[in-house]
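J.: After the sequence you'll find the predicted model.
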Amino acid sequence: MDAERLASLLLDIDDLPAAVRSRILDRAEGNPFFLEEILRQLIDERQIVREDGRWRAAATVPIL
C-alpha cells in the first residue's frame, strides 16, 4: 500500500483540522512508518480518541 493511500485511510478522523492533517503529512514525508508513529503519538497523548466506533480529534489537537 502506498503512503498516500495509507494516509487517506489513517487520517479518516472526524473533526481533524485541515492544517493538522497537512502538517502530519508533511512530517511523515511520505513514509508510512512515520505516519503511523505520528498518529500513535497523538493517540497516546489523547489528541485523537476513539468514540462510537470512529476516530475523533480532540478539541486541542496541536498543529505539531
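T.: Ah, there it is. If you're wondering where the values come from, they're calculated on a predicted model, not measured in any experiment. Numbering: from 1, shown residues only.
J.: Now do the helix-or-strand element of the chain with minimal mean pLDDT: which elements does it pack against?
T.: The helix or strand of the chain with the poorest confidence is helix 3-10; it has a mean of 72 (mean pLDDT, DSSP states H and E). Here helix 3-10 touches helix 18-28, helix 32-44, going by 3 or more CB pairs under 8 Å, 6 or more residues apart in numbering; DSSP states H and E. The way it works is simple: take the backbone N, C-alpha and C, and place the C-beta from them, glycine included.
J.: Export those helices as JSON lines, with columns for mean pLDDT.
T.: Formatted as JSON lines, the helices and strands packed on helix 3-10 follow (pLDDT from 0 to 100):
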{"stretch": "helix 18-28", "mean pLDDT": "86"}
{"stretch": "helix 32-44", "mean pLDDT": "90"}
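J.: Contacts for the least confident helix or strand of the chain, please.
T.: By CB atoms under 8 Å, 6 or more residues apart in numbering, the surrounding residues in contact with helix 3-10 are 24-25, 28, 30-32, 35-36, 39.
J.: again with stretch 40-60
T.: With CB under 8 Å, 6+ apart as the criterion, stretch 40-60 contacts 12-17, 20, 39, 61-62.
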